[in-house]
Structure formats: C-alpha cells, structure tokens
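Engineer: Could you look at this predicted model? Sequence included:
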Amino acid sequence: MIDSPTNISPKSSNLKKWAICHLAVPWCDPFHSNSSSDKKRMAYAPSPLPRIILLDGGISTHLESKLLQSTKAKSNTEINADAISPVFSHRELWSSSLLLTPDGQDAIISCHDDFFEAGSDVASTVTYQCHYGACEFSDEKVDRMLRDGVKLAKASVEKFSTKHERDEEKIIRKCSDRFVAASIGCYGASLADGSEYDGKYRTIHTEISQLDSLEQFHERKTRVLLAQYPDSIAYETIPCLVECEAILSLWKRMKKESNLPSELLQYPMVWMSFACRDGAHLNDETKLTTLLKRLDELDPDASIIHGIGVNCCSFAHIKPLVTTIVKHMIRTEIRRVCIFYPNSGESWDAASEKWVEGSGADSACFADMIMKLIMDVDNLCENSLKGNLAFRNLPMVVGGCCRTTPATISALRNAVDSYLISRRQE
C-alpha cells in the first residue's frame with residue numbers, strides 16, 4: 001500500500017499556476033502591461049514569474065563528474081576513465097543509486113545546490129532511472145527512493161531560499177521561486193539495453209497489450225511521486241508514440257478515480273518531452289506531427305499535459321523540432337508550455353560508454369544557441385499572429401540535458417535575464 005501524503009502541502013505559488021496564467025492569458029505577462037478590459041484577461045492575475053523558466057542541466061553527468069573528482073582527490077590516485085559508472089553502485093539505477101546511502105544523498109543535494117546557485121529555477125529529481133524491478137529491490141524500497149528524490153530536491157530549494165532571502169540582486173525573480181520537477185524516465189531507460197534510442201521495446205510484457213503494459217510501468221511511480229507534491233511531473237525522453245498514449249491513458253483513469261484526493265491531480269504541472277532521431281521523427285520513427293495530432297486528440301484542452309517539447313537530443317535537430325511544435329500549436333490553437341533542453345553536443349561512444357571529449361559546445365556557445373531558439377520562437381509566434389494576441393509571449397521551460405553543467409546554466413541565466421529585461425523595455 002502506497003503511503004498517502006501526510007504533512008505535505010502544495011505551495012501557494014507553483015508551476016501549474018504559472019503555466020495556466022501564461023497560457024490562458026498570454027498577454028498578462030508581468031513585463032507587458034495591457035489596459036484591455038477583456039473579461040477573460042481580467043479573470044486572471046498576472047503571474048509573478050517571468051514566462052521563461054530555467055531548468056537545471058545534466059544532473060547525472062554533473063554528479064558523476066563531481067564524485068569522480070572527489071574520489072580521485074581522496075585516494076590521490078588516478079581513476080580508471082574506462083570503468084563504467086565507477087561512482088554509481090548499480091548500473092541499472094545509474095545516478096539514482098546515490099539515493100541508497102547518506103553520502104549519496106548529500107551529493108545529490110550538493111548537485112542541486114550547484115545548479116540553483118548557477119541560476120536555475122527548477123531542480124530535476126534524481127529519479128529518472130529509479131525503476132521498479134531494478135536490482136531485485138522490493139517495490140517498497142523503490143517507493144522510498146522516489147520519495148527521497150523529491151525530498152532532497154525540496155531540501156535544496158529551502159536551503160537556497162533561506163540563504164538568499166535578502167538578496168536584492170535577483171532582480172528577475174524572487175529567490176523563493178524555486179521549484180521541483182519529479183523526473184520519470186521512459187520504459188527503455190529501465191532496460192539498460194539502448195531501447196530508448198530506437199523506441200522499439202523488445203522485452204515488454206506479452207500477456208497484455210503494449211499500451212496497457214506501459215501504463216502499468218508508469219502508474220506506481222507516478223502515484224508515489226505525485227503524493228510528494230512536486231511542482232511538476234516530468235515524463236522525459238519519451239521515444240515512441242505508444243508510450244505517450246499510455247501516459248495520457250493513465251492520467252485520464254486517475255482523474256476519474258473517486259478515492260484519489262482531488263488536490264493531488266490539480267496541483268502539479270505535467271510535461272512530456274520527446275526523444276527524437278532527427279529533426280522530424282521520434283526515435284521509433286513516428287513523425288513528430290503524427291504524435292502532436294494524437295496528443296491533441298487525447299487531450300484537446302491541454303488539461304492533462306501542460307507542456308511538451310524535446311530533450312536529450314542533438315543541437316542539430318532542436319530547431320526544426322521546436323519549430324514544428326510551435327507551428328502546430330499556432331495552427332490548432334491548443335497552447336502548451338514549450339519545453340526544450342538538449343544535450344551539450346558532445347558525442348556518445350556507445351561501444352566504450354564514454355563521452356567524446358571536446359566534441360560539444362562550450363557554455364557560452366550553448367547559451368547563445370538556446371537564446372537564438374528562444375528568439376526564433378518569439379518571432380515565429382509574433383509573425384504568425386496577424387494581430388491575434390493569443391500566442392504572444394509563449395511560456396517556455398529551457399535548460400540543458402546530458403553534459404551541461406552549472407557553468408552552462410549560469411551562462412544561459414545571464415542571457416535569459418538580459419533578454420527578459422530587453423523585452424520589458426520594448
């Protein structure tokens with residue numbers, strides 16, 4: 001039996017309220033005043049948060065780098081760079097292994113601290129690869145790991161807010177406005193066989209449909225994380241259409257349950273980010289346009305999935321993918337938060353399971369590329385409106401995925417703040 005939430009309550013200001021404000025009434029952006037008496041606009045107060053929220057970077061790769069350096073310093077010996085995850089005790093769990101020990105939990109909080117100090121608004125929990133059935137752990141043990149993942153991120157939020165509560169230099173957003181996104185990885189990530197890279201799941205249950213099996217895979221994890229009141233539930237690196245359908249089916253069923261506290265379902269912002277093989281297709285070769293159409297059929301009022309986007313993809317593909325998503329939203333008038341957080345650009349050598357050093361973008365270059373895409377999205381929206389304000393100032397969540405560091409996020413923070421200030425002065 002999964003624990004019901006006790007002594008845990010949602011904050012008065014959260015990401016879902018931010019998303020609803022900016023999506024339902026995009027022209028009530030706090031940096032753009034409007035004297036219109038439109039009744040729909042007047043029904044909402046302007047969000048106290050800017051419309052561009054900054055996610056953290058590659059938390060697992062940053063953890064690995066920090067712990068390798070620490071281990072090397074303590075032992076005063078060279079670490080075998082060819083060893084597979086020498087600082088993560090369980091290959092199947094990857095960085096989630098650190099949830100098992102006090103020292104590992106301290107390292108996780110320190111990592112969250114690094115990204116908050118660098119300027120991120122959102123901490124992603126270290127639960128992406130925390131899966132039931134891994135390492136022959138009991139379900140109850142995995143439940144505890146998931147809960148701890150959220151608690152550690154919340155502890156870092158509290159630590160940062162307390163430390164900077166009188167910091168008047170944070171002119172764009174208050175230091176108390178930091179959030180937790182509960183990370184849920186795709187089914188392929190639990191297999192540790194590379195299935196997430198092609199979306200063709202080979203070891204799924206055969207006695208029931210693939211859709212039902214994937215729904216079962218995500219259900220318990222979703223419920224456990226939801227009961228911890230994170231600010232967001234983030235389904236990440238989804239590589240295939242059927243897994244998207246399964247997640248939507250799960251949420252539709254949960255919303256119909258009479259015994260589930262309504263505040264649980266009403267509270268978090270839910271987003272889904274896709275893993276794509278090129279600029280037009282998911283990893284399973286489904287056209288992105290096909291997936292977007294199916295998503296709208298299953299969630300036509302965006303009441304289940306509040307944000308969509310892409311992550312863990314090459315920078316070479318990010319612009320056409322995001323452009324396709326934004327154009328689709330404009331055409332259908334079904335608005336969701338636009339989310340994108342690509343890799344650093346470094347190449348992954350699957351044979352040696354190592355990153356190819358020097359193959360990616362540095363922090364300044366990464367921030368510059370993200371900012372160009374943000375401006376492209378704004379220009380696309382404004383040029384497509386023909387006087388319609390419905391898509392002005394589309395809200396975005398942006399950041400980095402694998403191999404992006406606090407230095408990357410710091411550079412992006414400076415660029416985003418400068419852009420928001422310039423927009424305010426327009």
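Structural biologist: That came in fine, so what should we check first? Numbers count the residues shown, from 1 in each chain.
Engineer: Go ahead and confirm Gly279 touches Phe315.
Structural biologist: No: using Cβ atoms under 8 Å, Gly279 makes no contact with Phe315, being 11.0 Å away. For every residue, glycine as well, the C-beta is placed using N, CA and C.
Engineer: which neighbours do those two share?
Structural biologist: Common contacts of Gly279 and Phe315 (Cβ atoms under 8 Å, 6 or more residues apart in numbering): none found.
Engineer: from what I can see Ala123 touches Phe179, true?
Structural biologist: Yes: counting by Cβ under 8 Å, Phe179 is a contact partner of Ala123 at 7.3 Å.
Engineer: quick one, which of those two is more surrounded?
Structural biologist: Neighbour tally, Ala123 and Phe179, criterion other Cβ atoms under 10 Å: the higher count belongs to Ala123, 31 against 24.
Engineer: average pLDDT across the helix or strand harbouring that one?
Structural biologist: Using DSSP states H and E, Ala123 maps to strand 122-124. Per-region confidence: strand 122-124 scores 96 on mean pLDDT.
Engineer: Any buried residues in whichever helix or strand comes after that strand, and which?
Structural biologist: For strand 122-124, the succeeding helix or strand toward the C-terminus, using DSSP H and E, is helix 139-163. By neighbour count with 16 or more other Cβ atoms under 10 Å, helix 139-163 contains the buried residues 142-143, 145-157, 160.
Engineer: Helix 139-163 and the helix or strand just after helix 139-163, what's the angle between them?
Structural biologist: Counting by DSSP H and E, the next helix or strand C-terminal to helix 139-163 is strand 179-185. Relative orientation of strand 179-185 and helix 139-163, computed by axes from the mean of the first three to the mean of the last three Cα atoms, to 10 degrees: 150 degrees.
Engineer: Just give the strands next to strand 179-185 in its sheet, each with its orientation.
Structural biologist: strand 122-124 (parallel), strand 232-238 (parallel) (DSSP bridges).
Engineer: where do the strands sit along the stretch 251-400 of the chain?
Structural biologist: For the stretch 251-400 of the chain, the strands defined by DSSP state E, counting those that start in this stretch occupy 269-274, 307-311, 337-341, 348-349, 354-355, 396-398.
Engineer: Out of those strands, name the one with the poorest average pLDDT.
Structural biologist: When the strands of the stretch 251-400 of the chain are compared by mean pLDDT, strand 348-349 comes last with a mean of 62.
Engineer: Select the helix or strand of this protein having the lowest average pLDDT value.
Structural biologist: Among the helices and strands of the chain, helix 39-42 carries the lowest confidence by mean pLDDT, DSSP states H and E, at a mean of 36.
Engineer: pLDDT (mean, whole number) over the helix or strand just after that helix?
Structural biologist: Counting by DSSP H and E, the next helix or strand C-terminal to helix 39-42 is strand 52-54. Averaging pLDDT along strand 52-54 gives 95.
Engineer: hmm, back to that, now list whatever residues contact both of Ala123 and Phe179.
Structural biologist: Common neighbours of Ala123 and Phe179, using Cβ under 8 Å, 6+ apart, are Val157.
Engineer: ok, and the closest non-adjacent residue to Thr61?
Structural biologist: Spatially, and ignoring its direct neighbours in sequence, Thr61 is nearest to Arg403 (5.0 Å; Cβ to Cβ, 6 or more residues apart in numbering).
Engineer: Wait, that neighbour touches Pro342, no?
Structural biologist: No: under the criterion of Cβ under 8 Å, Arg403 is not in contact with Pro342, lying 10.3 Å apart.
Engineer: Of the two, which one has the most company?
Structural biologist: In this view Arg403 and Pro342 are compared by other Cβ under 10 Å, and Pro342 has more residues nearby, 28 against 23.
Engineer: Once you drop chain neighbours, what's closest to that one?
Structural biologist: According to Cβ to Cβ, 6+ apart, the nearest residue to Pro342 is Ile318 (4.8 Å).
Engineer: can you list the strands of the stretch 251-400 of the chain in TSV and add distance to Ala361 and mean neighbour count?
Structural biologist: Converted to TSV, the strands of the stretch 251-400 of the chain look like this (distance: least, Cβ to Cβ, whole Å; neighbours: other Cβ atoms under 10 Å):
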stretch	distance to Ala361	mean neighbour count
strand 269-274	20	26
strand 307-311	16	24
strand 337-341	14	26
strand 348-349	15	13
strand 354-355	13	16
strand 396-398	15	25
